[in-house]
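Chemist: got a sequence here, can you build the structure:
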Amino acid sequence: MGKIIDPAVKERALRLIADHRQDYPNDTAMCQAIGNKLGLGKETIRRWLVQADVNAGSRPGVSTDAQAEIKALKAEVRKLRE
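Modeler: Numbers count the residues shown, from 1 in each chain. Below you'll find the predicted structure:
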C-alpha cells in the first residue's frame, strides 16, 4: 500500500487539473507538471485524473460510489455466509 496523502492535496491537484487542463498539450505533461508542483508522482496524479473523469461520467469505468457499494455488499455477503 502506498503512502497516505492528505485529501486536501488531492483536492488541490484535481482543482489544478480542472483549472489548467487546456494549458497542456496532453494529460501526461499536465500530470507531470502538477505532480512536480505538489511533490507527487505523475502516476498518482494520473490515477486521480482517471477516477475523477469516471466519476464525472466522461470516461467509462466504475465510479467511486459504486466501488464503495460493491465493497459493502461483498462484506455483507461474506457475513451472511458465515
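
Chemist: what strand or helix carries the residue nearest the centre of the chain?
Modeler: Centroid-nearest residue in the chain, with CA atoms, centre = their mean: Trp48, separated by 2.2 Å. Assessed by DSSP states H and E, Trp48 sits inside helix 42-56.

Chemist: that helix: what's the following helix or strand?
Modeler: Counting by DSSP H and E, what follows helix 42-56 is helix 64-81.

Chemist: name the residues that touch that next one?
Modeler: Helix 64-81 is contacted by residues Gln51, Val54, Asn55, Val62 when judged by CB atoms under 8 Å, 6 or more residues apart in numbering. Quick note: C-beta positions are derived from backbone N, CA and C, even for glycine.

Chemist: so that helix versus helix 42-56, what angle?
Modeler: On the basis of axes from the mean of the first three to the mean of the last three CA atoms, to 10 degrees, helix 64-81 is oriented at 90 degrees to helix 42-56.

Chemist: any idea how far stretch 56-72 is from the chain center?
Modeler: 11 Å (CA atoms, centre = their mean, to the nearest Å).

Chemist: tell me the mean pLDDT over it?
Modeler: Mean per-residue pLDDT for stretch 56-72: 93.

Chemist: so how far is the first residue of that stretch from its last?
Modeler: 22 Å (CA to CA, to the nearest Å).

Chemist: residues contacting the residue nearest to the centre of the chain?
Modeler: Lys10, Ala13, Leu14, Ile17.

Chemist: scan those and report the most crowded one.
Modeler: Highest neighbour count within the contacts of Trp48: Ala13, with 22 neighbours (other CB atoms under 10 Å).

Chemist: now whatever helix or strand that one lives in: buried residues?
Modeler: Using DSSP H and E, Ala13 falls within helix 7-20. Neighbour-count burial for helix 7-20 flags Lys10, Ala13, Leu14, Leu16, Ile17 (criterion: 16 or more other CB atoms under 10 Å).
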